[in-house]
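Colleague: Here is my input; please provide its structure:
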Amino acid sequence: MTATPLPPPLPEPWDTRLPIGFAVELAADAHRSRDGRLLLAGAPPRLLRLGPTAARLLDGGRFTVTGRTSAALARRLLDIGAVHPRPPAGAAAGRPERGTEGPRTTVVVPVRDRADLVDRLLGRLRADPLTARLPVLVVDDGSHESAAPALARAADRHGATLFRHPRNLGPAAARNTGLRHAATPYVAFLDSDVAPGPGWLAPLLAQFADPAVALVAPRIVAAPVPGDRRRVLDRYEGVRSPLDMGAREGPVVPLSALAYVPSATLVVRRAALGAGFDPRLRVAEDVDLCMRLHEAGWRLRYVPAVTMGHHHRTGLRGWLGQRAGYGTGAAELALRHPGQVPPMHAAPWSVAACALLLRGRPLPAAAAVALAGVTAVRLARRMPDADTPVRAAALLTLAGLRGTAEQLLRCATRHHWPLALAAGAASRRARRVLLAAALAEGLLDHRRAASGLGPLTHVAVRRLDDLAYGWGVWRGALRRRTAGPLVPRIVRTAAPARPPAATPPSRTPRPAHQPSANLPAPH
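Modeller: The predicted model follows:
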């Protein structure tokens, strides 16, 4: 295994106290008991027992920070993902503060060639009243001689400042050049192939009313393609773009359903980033930055209410190459952040139950049912104050079992498909199970995504997607001589969580992200 030199540590947040007037709202998928004292919420989900003060504050599903107690509770629930921030209407950090002049945000566009996309992007920015006068820095990352003049003309046409690397250094280095030259407290990184709509920036900047927030990202969706030009890959990208992190708002936390956000569009607090992205990384530099910021104690937010269109690749060869390239980054991340990028993350009981069910025989199946039953009983005993402890425990146990089963399906068809193929070649039964898994997972995804493709076409494209990504993971693992991105994380869960209701948070707490012992492993 090759040693990986780590970049310098990022600065820690100097203040994590939420300001007076900052409001939070209970997440839509949170569940409370009838007396309001038991709360199931967060990502990953955990069971919280609320004190009388906390329960009273949450009675309306929303409360505003008015002092130390409410600030401490809001901070804890925000970090868990049980509530979402609702900053004051005038909290857009892009507006000049009283006593200051000029903009508070700089837009940085890293690009190589693609002058036409830059021209279109800058035109959109100048047409939006909220971004029309912002300083824009275009960083030409070693464009070819034939494309560089057109790129310079596009920047000049829209009043942007152009910086040029004499050779291609990669997107991380290009963003860092813009970061170094930005003179504002906030920096918005926009890739050249995104299509921002009007008013996109203000809701993202409003999140910085929380002084512990270092990075905010919108939802990246496939830019619409005219119906007569839409091909199979266009339709698939419309529902399964790798840059689309979904419709669920929340904190960005490793080992959760929202473990990172892509760098296609990011708004950052400049002082939190230090030197910025690691320029040695050509892929996964955004994931690495998210993890380093989290380790330093910063908070990261995902705001899907703001959407950015993205012009994706449509050629099959380039599309497969991109997917494989994404996969190669997993090995470097596993070396830098051990245990933080596993192909699956589950509890031992659920893995054992799924393994028994896969045997397909009555005795192992009965053992799996007994194991799940024991888990449900233990869970019910730990939440006697639930409205219906037995029913709640059974539903949570089934949800955990289903989540682990789906993760196993994904591992077999994505990260571990070479091993699955080898098993299928050696065993007829394994081959049948693999084919059934590949079909079942694809059809389930087709239904969830509401794909416009036919079921079999969607399954075929999804399997190509997984084959390419998995090939990239294995190629990166072999090149870096590490099995890190291929090793599942099987862990026991932590103790039940109890949010503080009267104690102020420390200056630089690390956001908790492990699930409670009362709950099945996250999925």
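Colleague: Quick one: name whatever helix or strand follows the lowest-mean-pLDDT helix or strand in the chain.
Modeller: In the chain, no helix or strand scores lower on mean pLDDT, DSSP states H and E than strand 46-49, which sits at a mean of 88. Beyond strand 46-49 in the direction of the C-terminus, DSSP states H and E gives the next helix or strand as helix 52-57.
Colleague: ok, now which ones touch the closest residue to residue 449 other than its chain neighbours?
Modeller: Of all residues not flanking residue 449 in the chain, residue 239 sits nearest, at 4.0 Å (CB to CB, 6 or more residues apart in numbering). Yep, even glycine has a C-beta here, placed from its N, CA and C like the rest. Residue 239 makes contacts with 449, 450, 451, 452, as judged by CB atoms under 8 Å, 6 or more residues apart in numbering.
Colleague: Let me know how buried the second one is, in neighbour terms.
Modeller: By the measure other CB atoms under 10 Å, the count of residues near residue 450 is 7.
Colleague: Without its sequence neighbours, what residue ends up closest to it?
Modeller: Distances taken as CB to CB, 6+ apart put residue 239 closest to residue 450, at 6.8 Å, once the chain neighbours are dropped.
Colleague: a helix runs through the one you found, doesn't it?
Modeller: Yes - under DSSP: H, G, I helix; E, B strand; the rest coil, residue 239 sits within a helix.
Colleague: Quick check: the gap between it and residue 24.
Modeller: From residue 239 across to residue 24, the span is 31 Å (CB to CB, to the nearest Å).
Colleague: swap in residue 385?
Modeller: Residue 385 is 24 Å from residue 24, by CB to CB.
Colleague: which element follows the strand or helix carrying residue 406 toward the C-terminus?
Modeller: In this structure, residue 406 is located in helix 389-410 according to DSSP H and E. Counting by DSSP H and E, the next helix or strand C-terminal to helix 389-410 is helix 417-426.
Colleague: buried residues in that next one?
Modeller: 417, 420, 423, 424 (16 or more other CB atoms under 10 Å).
Colleague: In CSV, list those residues along with distance to residue 168 and pLDDT.
Modeller: Converted to CSV, those look like this (distance: CB to CB, whole Å; pLDDT from 0 to 100):
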residue, distance to residue 168, pLDDT
417, 32, 94
420, 37, 92
423, 41, 91
424, 41, 90
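Colleague: Of those residues, which is the nearest to residue 296?
Modeller: Distance to residue 296 across the buried residues of helix 417-426 (CB to CB) is lowest for residue 417, with 35.6 Å.
Colleague: Return the longest helix in the chain, judged by number of residues.
Modeller: helix 455-480 (DSSP state H).
Colleague: same for that one, what does it pack against?
Modeller: Secondary-structure packing of helix 455-480 (3 or more CB pairs under 8 Å, 6 or more residues apart in numbering; DSSP states H and E): helix 232-240, helix 316-336, helix 417-426, helix 428-449.
Colleague: and of these, who's closest to residue 71?
Modeller: For the helices and strands packed on helix 455-480, the distance to residue 71 is smallest for helix 316-336, at 33.6 Å, taking CB to CB.
Colleague: neighbouring strands for the next helix or strand after that closest one, and are they parallel or not?
Modeller: Next along the chain after helix 316-336, taking DSSP H and E as the criterion, comes strand 345-346. Strand 345-346 has its sheet partners listed here by DSSP bridges as strand 489-490 (parallel).
Colleague: neighbouring contacts of the strand it pairs with?
Modeller: Taking CB under 8 Å, 6+ apart as the rule, strand 489-490 contacts 255, 339, 342, 344, 345, 346, 347, 348, 351.
Colleague: Let's see if you can find the most crowded of those residues.
Modeller: residue 346 (25 neighbours).
Colleague: can you pull the pLDDT of that one?
Modeller: As predicted, residue 346 sits at a pLDDT of 92.
Colleague: same thing with residue 498?
Modeller: With respect to pLDDT, residue 498 has a value of 43.
Colleague: thinking residue 26 is in contact with residue 83, fair?
Modeller: Yes - contact status for residue 26 versus residue 83: in contact at 5.5 Å, counting by CB atoms under 8 Å.
Colleague: about what we covered before: give me the helices and strands touching the helix holding residue 406, please.
Modeller: Applying 3+ CB pairs under 8 Å, 6+ apart, we find helix 389-410 packed against strand 345-346, helix 348-358, helix 362-382, helix 428-449.
Colleague: tell me the contacts of residue 446?
Modeller: Applying CB under 8 Å, 6+ apart to residue 446 gives the contacts 453, 455, 458, 459, 462.
Colleague: how about the residues you listed in CSV, adding pLDDT, distance to residue 297 and neighbour count?
Modeller: Shown next, in CSV, are those (pLDDT from 0 to 100; distance: CB to CB, whole Å; neighbours: other CB atoms under 10 Å):
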residue, pLDDT, distance to residue 297, neighbour count
453, 92, 43, 20
455, 94, 46, 13
458, 96, 41, 23
459, 96, 43, 21
462, 96, 38, 23
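Colleague: Including distance to residue 472, could the residues you listed go into JSON lines?
Modeller: Converted to JSON lines, those look like this (distance: CB to CB, whole Å):
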{"residue": "453", "distance to residue 472": "23"}
{"residue": "455", "distance to residue 472": "26"}
{"residue": "458", "distance to residue 472": "21"}
{"residue": "459", "distance to residue 472": "21"}
{"residue": "462", "distance to residue 472": "16"}
